[in-house]
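J.: need a structure here:
(2 chains)
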Amino acid sequence: DVKVTQSSRYLVKRTGEKVFLECVQDMDHENMFWYRQDPGLGLRLIYFSYDVKMKEKGDIPEGYSVSREKKERFSLILESASTNQTSMYLCASKRNVGNTEAFFGQGTRLTVV
Amino acid sequence: KQEVTQIPAALSVPEGENLVLNCSFTDSAIYNLQWFRQDPGKGLTSLLLIQSSQREQTSGRLNASLDKSSGRSTLYIAASQPGDSATYLCAVNNNNDMRFGAGTRLTVKP
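T.: Model prediction:
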């Protein structure tokens, strides 16, 4: 069974903290994505990566950075968490060849207080 | 920039009804379209993937169609059950650019 695993289901962090959200996939996929999901706004792409050490900004990269040191792991970093970053964060992965489907992790509900 | 719209935003039906969820997109130059299900507070589960060259795809009680030229896809659910209650999202894929609709929240009443 294919697996995309996010390190935490729920996180509560304080304003100004540095926050790491981790995502691991076991399918040897080249592409990995980070989205945030907010009521009324749907899923919005923060960053994606198409290879190790490669990254591309999505629609809302401000306040975030990413790291991909190994193919299976894609980390989202909130350099200094703010309350407007309270959201559901979703990681996805897919192959970079052909018309293949994307697979999602279970989501991380982050609350910044 | 690709824009994806899902109608209706919410739908409530009695158990046993057949129903159709709609997805429209503005740029027809897509690789594929994927339908997902999302339960409250959870991640997305892939239901069906339709390649750009395909017209429809079926899995059990689910049937998804694609009309690329008109920028539309439908998800047909036959004989709905309370367990089908969830939010259904469509995603239009242009290689590394995957765009989502806002979803349709479905409630199936026993």
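
J.: Next up, the contacts around residue B:106.
T.: Residue B:106 makes contact with B:10-13, B:19, B:21, B:77, B:80, B:84-88 under the criterion Cβ atoms under 8 Å, 6 or more residues apart in numbering or on different chains. To be clear about C-beta, it is placed using only N, CA and C from the backbone, and glycine gets the same treatment.

J.: Which helix or strand contains it?
T.: Secondary structure from DSSP states H and E places residue B:106 in strand B:104-109.

J.: chain center to that strand, what's the gap?
T.: 13 Å (Cα atoms, centre = their mean, to the nearest Å).

J.: Counting neighbours, what do you get for residue 67?
T.: No chain specified, so I'll use chain A. 16 (other Cβ atoms under 10 Å in any protein chain shown).

J.: ah, no, chain B please
T.: Neighbours of residue B:67 under the rule other Cβ under 10 Å: 13.

J.: what helix or strand is the closest residue to it other than its chain neighbours on?
T.: Spatial nearest neighbour of residue B:67, chain neighbours left out: residue B:73 (7.3 Å); criterion: Cβ to Cβ, 6 or more residues apart in numbering or on different chains. Using DSSP H and E, residue B:73 maps to strand B:72-77.

J.: one step back: just want the angle from the strand holding residue B:106 to strand B:72-77.
T.: In terms of direction (axes from the mean of the first three to the mean of the last three Cα atoms, to 10 degrees), strand B:104-109 departs from strand B:72-77 by 20 degrees.

J.: Please name the strands paired to strand B:104-109 in the sheet, noting orientation.
T.: strand B:10-14 (parallel), strand B:86-94 (antiparallel) (DSSP bridges).

J.: what does chain A put close to chain B?
T.: Residues of chain A lying close to chain B by Cβ under 8 Å from any Cβ of the partner chain are A:4, A:6, A:31, A:33, A:35, A:40-43, A:45, A:48, A:50, A:56, A:88, A:90, A:92, A:94, A:96, A:99-107, A:109.

J.: Narrow those residues to those in strands?
T.: Secondary structure assignment (DSSP state E) places A:4, A:6, A:31, A:33, A:35, A:42-43, A:45, A:48, A:56, A:88, A:90, A:92, A:94, A:103-104, A:109 from these within strands.

J.: Who is residue B:10 paired with across the strands?
T.: Note on residue B:10: beta-bridge partners residue B:105, judged by DSSP bridges.

J.: what's the lowest-mean-pLDDT helix or strand in chain B packed up against?
T.: Within chain B, no helix or strand scores below strand B:97-100, which has a mean of 87 by mean pLDDT, DSSP states H and E. Strand B:97-100 sits against strand A:42-49, strand B:86-94, with contacts defined as 3 or more Cβ pairs under 8 Å, 6 or more residues apart in numbering or on different chains; DSSP states H and E.

J.: what number of residues lie near the closest residue to residue A:6 other than its chain neighbours?
T.: With sequence-adjacent residues excluded and distances taken as Cβ to Cβ, 6+ apart, residue A:6 is closest to residue A:105, at 4.0 Å. Residues contacting residue A:105 under the criterion other Cβ under 10 Å number 25.

J.: and residue 104, what does it touch?
T.: If you meant another chain, say so; for now it's chain A. Shown in contact with residue A:104 (Cβ under 8 Å, 6+ apart): A:4, A:90-92, B:36, B:43-46.

J.: ah, no, chain B please
T.: Taking Cβ under 8 Å, 6+ apart as the test, what residue B:104 contacts is B:6-11, B:21-22, B:87-88.
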